[in-house]
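# Everything below, folded, please.
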Amino acid sequence: MNTPYVPISAGQRPDAHPMEPADAARWAAAGVPRWATGGFLALLLCTGYLAVLVVVGATASDTPSCTDAAPCRADWSVPFLFLPVLLAPYCVWRFPWAAAVLLPPGAGFSLALLLMDDAGIPGEARPVMAVFTALVLFVWAGVLVGIRARSRQRALARAAAGGLRACVPQQLPRSKQGMRRILAGTGLCLIGALLLTRSALAEREIAGQARGAERVTARVLGPDGESHLRVRMPDGTARSLPATYPDEFRRGSEAGVMVDGDWARLVAQPHDETMRHMGALLLITPGVGMLVRGVLLHRRLRILRTTPQPVLRVLISENEGPTVVVRTESEPERSFLRYDRVRERAALLRGSSGNGIPWNQREAPRQAVLYGELHDGADIVILTMAGKGKARVHGGTAVRGRRN
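Numbers count the residues shown, from 1 in each chain. Okay, here's the model as predicted:
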C-alpha cells in the first residue's frame, strides 16, 4: 500500500533510521502487559486498602478507647506512618522504582501482624488481611514486570535507531509541566504543615489550661449531638462538653472533668486533633507526590533538551484531540504507538521550505522524527511539518504501545 505523506524538509530533518515494521511490532509486543499497568495496579491496591478499612471497622471492639486512666491524646506518629502507606498507590502509578522499594516492607508488616497473636487483629479480619498481603505481593510483582518491560522497550528502540542520536531543536518551547507541579505540590505541603502547626499550638494551649484546672467527677447524662457529651457537675448544674466519642460514655456512669471557671474538658477526651491531622495528611500526601513528580519531570525534560537523544523516523496522524497515532513508513496502514501532545505552543522552525502537498489534507499522515528514549509512559519530542510547508517541533507524553 503506497500512502502519500507529508515529508519533512530535507534541511530540517536530522539523520535518522526509519522504524521498520518488524522493529515496531517487537517494541509494541515488549510493552507493559495490561494487568501490570500502573493505573490498574494502583486501583487494585486502593481496593485492598478499602476492603481492610471496612472489615477492620466492622469487627472493631466496642471497648472504650478513652478512659480517665488512659486519656486520648494526639498521636503525632500517625501522619508520618500513614504517609508512605497513602503514597504507595501513587508510587505504583507514577514511580515504579519507588513502589518496588515501598511494597515489600508493607507486605512484611502485614504478614507479621497475621503471625502475631497479640497484634489486636480480630479473628474475622484475619482472612481479609491474608488476602491483602497476597494482593500487595501481586502488585509488587506487577511493578517489577512493568519495570522490566520498559527496560526491554528502551533497548529495542535504541537498536532500531542504530546508534544515531541528535539534539532536540533549540526552538522547542520550555515546558512548564514540571514547574507547575512543583508549585502546586509545594503549596499543598505548606497548607498541610500549617494545619499541623495549628494543631500543635492548640494542643499546647489545652495542656497549659489543664495544668491549672481542678479535677472533679461528673455524672454522664448522655450524648449531646455528635461531638458533645452532657454531664451533671457536682454542684448540680448540667454542662455540654466537647467529646470525640460521646457514645463511649454510658448513661449514669461517672466521668472525670477538668474545670477552670467557664472552661471545662473531659479528662478522658481533653482535645481531639484527629481531623486536623487527617486534613494535613490528605494535603501533604498529594503534595509530596506532585512535588517529587514535578522535580523528576523537570529533570527528565532538561536532559531531553540538553543531551543528544536517539532518533527514529516515523509517520504521525493527528485528529482534533490530543492523542497522536504513530505508524511506520513501510506500513502506514498499521499503528504501533500513541502519545498525547503536550498542551503548549509548538515552535515553527525557520528556513523550512514547501513540500508540494497541501496542508488541508489532514487525512494524509506526516513524516516525523521522534527524539528520546521510547518506552511506555515516556516523554518525547517530535519534529514534523506544520502549515505552509514549515517544520515544527512539539512535546509528547504518555507514550503507549498499540498491539495490532
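# what does the domain assignment say about the protein?
The chain breaks down by automatic domain parsing into domains covering 1-16+308-404, 23-64+74-161, 175-302.
# Of these, give the one that comes closest to residue 167.
domain 1-16+308-404 (5.3 Å; Cβ to Cβ). Quick note: C-beta positions are derived from backbone N, CA and C, even for glycine.
# Average pLDDT for that closest one, rounded please.
Averaging pLDDT along domain 1-16+308-404 yields 77.
# Who are the packing partners of the helix or strand harbouring residue 202?
Residue 202 is part of helix 177-211 when elements are defined by DSSP states H and E. On a contact count with 3 or more Cβ pairs under 8 Å, 6 or more residues apart in numbering; DSSP states H and E, helix 177-211 meets strand 263-266, helix 274-306.
# about what we covered before: of all the domains of the chain, which one is nearest residue 168?
domain 1-16+308-404 (4.8 Å).
# List the contacts of residue 264.
The contact partners of residue 264, taken as Cβ atoms under 8 Å, 6 or more residues apart in numbering, are 213, 239, 241, 257, 258.
# what about the first one, neighbour count?
It refers to residue 213. 17 (other Cβ atoms under 10 Å).
# can you check residue 216 too?
So residue 216, with other Cβ under 10 Å, has 16 neighbours.
# still on that earlier bit, could I get the domains of the chain as TSV with distance to residue 168?
Shown next, in TSV, are the domains of the chain (distance: least, Cβ to Cβ, whole Å):
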stretch	distance to residue 168
domain 1-16+308-404	5
domain 23-64+74-161	15
domain 175-302	10
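# Out of the ones you listed, flag the one nearest residue 169.
Closest among the domains of the chain, using Cβ to Cβ: domain 1-16+308-404, at 4.8 Å.
# residue ranges with poor pLDDT in the stretch 1-150 of the chain?
For the stretch 1-150 of the chain, the stretches flagged by pLDDT under 70 are 1-3, 59-64, 117-123.
# So residue 251 lies in a strand, does it not?
No: counting by DSSP: H, G, I helix; E, B strand; the rest coil, one finds residue 251 to be coil, located in no strand.
# Correct me if wrong: it contacts residue 221.
Yes: counting by Cβ atoms under 8 Å, residue 251 does reach residue 221; the two are 6.8 Å apart.
# Those two: who's more crowded?
residue 221 (16 against 10).
# and the gap between that one and residue 246?
11 Å (Cβ to Cβ, to the nearest Å).
# now do residue 96
Separation of residue 96 from residue 246 (Cβ to Cβ) stands at 46 Å.
# residues of the helix holding residue 202 that come out buried?
Going by neighbour count (16 or more other Cβ atoms under 10 Å), the buried part of helix 177-211 is 177-178, 181-182, 185, 188-189, 192, 195-196, 199, 203, 206, 210.
# do stretch 126-139 as well
So stretch 126-139, judged by 16+ other Cβ under 10 Å, has buried residues 128, 129, 132, 133, 135, 136, 137, 138, 139.
# neighbours around the closest residue to residue 186 other than its chain neighbours, how many?
Distances taken as Cβ to Cβ, 6 or more residues apart in numbering put residue 291 closest to residue 186, at 6.0 Å, once the chain neighbours are dropped. Using other Cβ under 10 Å, residue 291 has 20 other residues around it.
# For residue 291, give me its contacts.
With Cβ under 8 Å, 6+ apart, residue 291 has these contacts: 181, 182, 185, 186, 189.
# can I get the residues you listed in TSV with pLDDT and distance to residue 271?
Formatted as TSV, the contacts of residue 291 follow (pLDDT from 0 to 100; distance: Cβ to Cβ, whole Å):
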residue	pLDDT	distance to residue 271
181	93	36
182	95	35
185	96	30
186	96	30
189	96	25
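# residue closest to the middle of the protein?
For the chain, the residue sitting closest to the mean C-alpha position, by Cα atoms, centre = their mean, is residue 90 at 2.8 Å.
# which residues touch the residue nearest to that residue when sequence neighbours are not counted?
Computed as Cβ to Cβ, 6+ apart, the closest residue to residue 90 that is not its neighbour in sequence is residue 289, at 4.5 Å. Taking Cβ under 8 Å, 6+ apart as the criterion, residue 289 is in contact with 87, 90, 91, 94, 185.
# Check these and tell me the two furthest apart.
Every pair of the contacts of residue 289 checked by Cβ to Cβ; the farthest is 91 and 185, at 14.4 Å.
# Next, the closest residue to residue 224 other than its chain neighbours: secondary structure please.
Excluding the flanking residues, the one nearest residue 224 by Cβ to Cβ, 6+ apart is residue 230, at 4.1 Å. Of the three states, residue 230 takes strand under three-state DSSP.
# just the helices in the protein please.
Here the chain has its helices, by DSSP state H, at 21-29, 38-58, 77-94, 96-115, 126-161, 177-211, 274-306.
# helices or strands next to the first one in the packing?
What that stands for is helix 21-29. helix 126-161, strand 335-341, strand 391-401.
# so who does residue 233 touch?
Counting by Cβ under 8 Å, 6+ apart, residue 233 makes contact with 216, 218, 239, 257, 259.
# Over to residue 395?
172, 175, 301, 341, 342, 344, 379, 380, 381, 382.
# Out of these, which is nearest to residue 330?
Among the contacts of residue 395, and counting by Cβ to Cβ, the member closest to residue 330 is residue 382, at 19.3 Å.
# No further questions, thank you.
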